[in-house]
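[1] quick check, what structure comes out for this input:
(chains A and B)
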Amino acid sequence: MQITVTVNGEQYTRDVEPRLLLVHFLRDELRLTGTHWGCDTSNCGVCAVWLDGTPVKSCTVLAVMADGHEVRTVEGLANGAELDPVQQGFVACHGLQCGFCTPAMMMTARWLLDHDPDPSEQNIREAISGQVCRCTGYENIVRSIRWAAEHGSGAHPAETVPAREEVRA
Amino acid sequence: MTATEERPIGFGRMTRKEDARFVRGHGTYVDDVQLPGMLHAAVLRSPYAHARITSIDTSAAEAHPKVKAVITGQTLAGLKLAWMPTISYDTQAVLATDKVRFQGQEVAFVVAEDRYAARDALALIDVEYEPLPPVIDARRALDADAPVIRDDKENQTDNHIFDWSAGDKARTDEVFANADVVVAQDMLYPRVHPAPLETCGTVADMDPITGKLTVWSTTQAPHAHRTLYAMVAGIPEHKIRIISPDIGGGFGNKVGIYPGYVCAVVGSIVTGKPVKWMEDRSENLMSTSFARDYHMRGEIASTKDGKILGVRVDVIADHGAFNATAQPTGFPAGFFSVFTGSYDLAAAYCSVTGVYTNKAPGGVAYACSFRVTEAAYLVERMVDRLAAELAMDPAQLRMRNLLRPEQFPYQAKTGWEYDSGDYPRALALAMDMAHYDDLRREQAAKRELGELMGIGISFFTEAVGAGPRKHMDILGLGMADGAELRVHPTGKAVLRISVQTQGQGHETTFAQIVAEELGIPPDDIDVVHGDTDQTPFGLGTYGSRSTPVSGAAAAMVARKVRERAKIVASAMLEVSQDDLEWEKGRWFVRGDPDSGKTMTEIALAAHSNLELPEGVEGHLDATCVYNPPNLTYPFGAYICVVDVDPGTGQVKVRRFIAVDDCGIRINPMIVEGQIHGGLADGVGMALMQVIAFDEDGNCLGGSFMDYLLPTSMECPSWELGETVTPSPHHPIGAKGVGESATVGSPAAVVNAVVDALTPYGVRHVDMPLTPAAVWRAIQGRPLRTDLAIT
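    So this is what the prediction gives:
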């Protein structure tokens, strides 16, 4: 069936199978491969995108459910060449390693900061608790989001490296 | 460019070069590869753990309008590909022909126009099975009446794979016989799965005209895969190109070659089109390399005042249906014999028996440094058991028995030569950071109130960075790694390495290694990796070997370039090479620091018409192969603080203090990130992760609804500390660190929980310490965690 979905401000009209998942629509049809797929069961959250301004797990949304709606993905996070503070924060605070969970983590982080510009560590942990990262142990993701909160409009990440918190003998 | 801590020319904290693409969503993972005309594949898997296949009817699937090929074991048998060799000198069915031997085993492979159609067609394949009794409990695998799983193998009349031992048995028995105190403990390190968020998959593209096979694959070892494809499929090795693009986490899961990869290659040959195959999550958890599954009986002997004398351990190792464990030849139990840990023992001995069961094959995956994880867990649990027996503080018991700095290099009783260490300093720092004495006081006060708080310690020593190639190979491929460094005329450089990143940040740290050696800014050095057509041969990234082996190769090749630069500089300055001195980035005339040439000037001159001494070629480019003289031995002291709810058995990790010593740190930011991730892994394994089975061999951990991974809510804010004891034999003094925290942390968590449960007389609980397992332990009815048997 034919659907029209607005993704990152651009309208796309496609003929799709009714059972096509939104994640596959974005990845295979629109070639927006920044959104990943990881589990089928809504547990890992690497497929999170915004649907009408709210994060959803796109592996459990049918593409046809997005017909007439607005989707925002990681490809729509930066403002042209200028990275969103969340993206800058993830670079500055080493909030990613393999990068697979990163786009979805950043989309959730952006949503959190839009609704709670100065979140506590606990609020950040709760906001990302529906998403899994296997590399970072979450520590630097939390710091990255705090960094973004503190650098709303953003210094360049290369100019900022997180304070050393280690203890040396 | 001036070096600062944030923009070092060499070692130091710097943000990662690779992040630019990842934060924009522009990484290229295997499933992002889209080729013209590409087809999609899916695998039909066995619903049974053990069954004879009586017939397979693929006609309905073949009639599906979008299906291009259906491949079965019989198709492969015609190509002599129905079975493939494993990396442990066993064989594994690519697609089952005679029997299925674990639930989820590959039975048929469908190639179709899109991924949905490929899945649809699986349902059209009709397979008739005759179920057979399965072997699920490894401890019953060698029973006389156990069904024989591997009846495909000539002369295989039982489920026995190997017996292996290390250490001096007679001497150990003697030490135990004369010891004041001997404590024994059975423990299981349950089967777990690395579960990288990107599942395994491949895009195979055989060009029918050139005969060149290009494979984009989720592989941690692209060069080894190329050689194995050549050996298995008979394709000439120069006609195979393996590309390991961005990898969404490996953790050992992406070391081996899986049947789906081989089928995708066959699919491409059969259809003449590129074929993509990506697992779904259940396939990943149920069929690809698991880890651990060690049933251990440990014993520890000491004097009555707490001098540890010996450790002894017997292991039944569950290797699943095919022995597909990835470990060096001659090490069927990996490096498990490093179970003597961080202590000065009089004697030690271990014996390991490997058995087949009707479970998925594999065995060594998951950030374990070739079974050092099991070894560290064993000895650290045993030391805590001893402390409880002697009523000694576990920190004091460890401090008393740790190797002393002056004992290095230390010859362990099972043959390892530990390169360097200052263990008491690391433990003292961890105790200091934790405020250990205050914690013990708090615990005592809480116990008065009936509250359960536990403090757990572990002190681990790892053996990482295989080779040396004289002692270590995989299927005859020596574990050495190559590097090539080109310095362009303008002084910018390209480093080509044999290992590749799955998130470890090689593109940054390897540039930093060259930067440190040559004084060129890291941003001026591109690191090329993950493409066998573009990089020198090497064994790949696993077992924390990138920095110990390939990192050393990068340093050595840069030093070769530096020496070439010296020759050019001497010609430029018209002085003897003997009169030149190096400072980072330039050669200068001794005693005349103003007369010197920078690497940029030298690079241009090396490509110019400058007259060079007789026999000296131009340019600065160099290659090298690094064969490590020994492993590196990182170590660390971990302290975990938990609170346990006695009503529900719920464990909350309140604090985790980790002091790591991995020698010189190339990029401390990245090292800390590696440790953070490993700590979360350890908490996950200790508290929630297990691939369990029911009595019919049904996998009970086949989705993320059943196989639980730690989230941000279960992880505390990690508290890190460091000591630096350089490796004396590594060119830059570095040791591996990628797996340290995964190796060291599970014992700390379990020790903490058991410590919390001391008022109930609990001495041990097997992982994972789920609320049910902890609650049952409190009730005095321990739960068996690996089987759905209570």
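[2] residues in contact with the residue positioned nearest the centre of chain B?
    Nearest residue to the geometric centre of chain B (C-alpha atoms, centre = their mean): B:Ala367, 3.3 Å. Residues near B:Ala367 by C-beta atoms under 8 Å, 6 or more residues apart in numbering or on different chains: B:194, B:251-252, B:373, B:678, B:681, B:738-739, B:742-743. Quick note: C-beta positions are derived from backbone N, CA and C, even for glycine.
[3] please apply the same query to B:Tyr229.
    Residues in contact with B:Tyr229, defined by C-beta under 8 Å, 6+ apart, are B:213, B:215, B:235, B:240, B:242, B:257, B:265.
[4] assign a three-state SS to the residue in chain A positioned nearest to chain B, would you?
    Closest residue of chain A to chain B, C-beta to the nearest C-beta: A:Gly34 (1.9 Å). Here A:Gly34 is recorded as coil under DSSP: H, G, I helix; E, B strand; the rest coil.
[5] and A:Val5, what element?
    Element membership of A:Val5, judged by DSSP states H and E, is strand A:2-7.
[6] so what strands line up beside that strand?
    strand A:10-15 (antiparallel), strand A:70-72 (parallel) (DSSP bridges).
[7] now do the buried residues in it.
    Residues of strand A:2-7 classed as buried by neighbour count (16 or more other C-beta atoms under 10 Å in any protein chain shown): A:3, A:5, A:7.
[8] for whichever helix in chain A runs longest, output the C-alpha coordinates as PDB.
    Longest helix of chain A, by residue count under DSSP state H: helix A:102-115. The C-alpha coordinates for helix A:102-115 follow below in PDB (Å, rounded to 0.1, in the frame of the first residue of the first chain):
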ATOM      1  CA  THR A 102      24.700   5.500  19.600                       C
ATOM      2  CA  PRO A 103      22.200   7.000  17.100                       C
ATOM      3  CA  ALA A 104      19.200   5.800  19.200                       C
ATOM      4  CA  MET A 105      20.800   6.800  22.500                       C
ATOM      5  CA  MET A 106      21.300  10.300  21.100                       C
ATOM      6  CA  MET A 107      17.700  10.600  19.900                       C
ATOM      7  CA  THR A 108      16.500   9.700  23.400                       C
ATOM      8  CA  ALA A 109      19.000  12.100  24.900                       C
ATOM      9  CA  ARG A 110      17.800  14.900  22.600                       C
ATOM     10  CA  TRP A 111      14.200  14.200  23.700                       C
ATOM     11  CA  LEU A 112      15.200  14.200  27.300                       C
ATOM     12  CA  LEU A 113      17.000  17.500  27.100                       C
ATOM     13  CA  ASP A 114      14.100  19.100  25.200                       C
ATOM     14  CA  HIS A 115      11.800  18.200  28.100                       C
END
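[9] helices and strands around it, which ones?
    On a contact count with 3 or more C-beta pairs under 8 Å, 6 or more residues apart in numbering or on different chains; DSSP states H and E, helix A:102-115 meets strand A:48-51, strand A:54-57, helix A:85-92, helix A:121-127, helix A:139-150.
[10] count the neighbours of the residue in the stretch 301-450 of chain B positioned nearest to chain A for me.
    Closest residue of the stretch 301-450 of chain B to chain A, C-beta to the nearest C-beta: B:Leu429 (4.4 Å). By the measure other C-beta atoms under 10 Å in any protein chain shown, the count of residues near B:Leu429 is 20.
[11] helices or strands up against the helix ranked longest in chain B?
    For chain B, the longest helix by residue count, based on DSSP H, is helix B:552-573. Applying 3+ C-beta pairs under 8 Å, 6+ apart, one finds that helix B:552-573 makes contact with strand B:481-487, strand B:493-497, helix B:506-518, strand B:580-583, strand B:586-589, strand B:592-598, helix B:599-606, strand B:622-626.
[12] what pairs with the first one, parallel or antiparallel?
    Read it as strand B:481-487. Paired with strand B:481-487 in the same sheet, following DSSP bridges, are strand B:493-497 (antiparallel), strand B:622-626 (antiparallel).
[13] hey, which of those is tucked in deepest?
    Of all the strands paired with strand B:481-487, strand B:493-497 carries the top mean neighbour count, a mean of 23, counting by mean count of other C-beta atoms under 10 Å in any protein chain shown.
[14] ok and that one relative to helix B:506-518, angle-wise?
    120 degrees (axes from the mean of the first three to the mean of the last three C-alpha atoms, to 10 degrees).
[15] got a list of contacts for strand B:493-497?
    With contact meaning C-beta under 8 Å, 6+ apart, strand B:493-497 is reached by B:481-488, B:506, B:510-511, B:514, B:518, B:520, B:524-529, B:534-536, B:538, B:550, B:553-554, B:557.
[16] got a PyMOL select line for the buried ones in those?
    Here is the PyMOL command that selects the buried residues among the contacts of strand B:493-497 (16+ other C-beta under 10 Å):
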select buried, chain B and resi 481+482+483+484+485+486+487+488+506+510+511+514+518+520+524+525+526+527+528+529+535+536+538+550+553+554+557
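[17] any idea which helix or strand carries B:Ile71?
    strand B:67-72.
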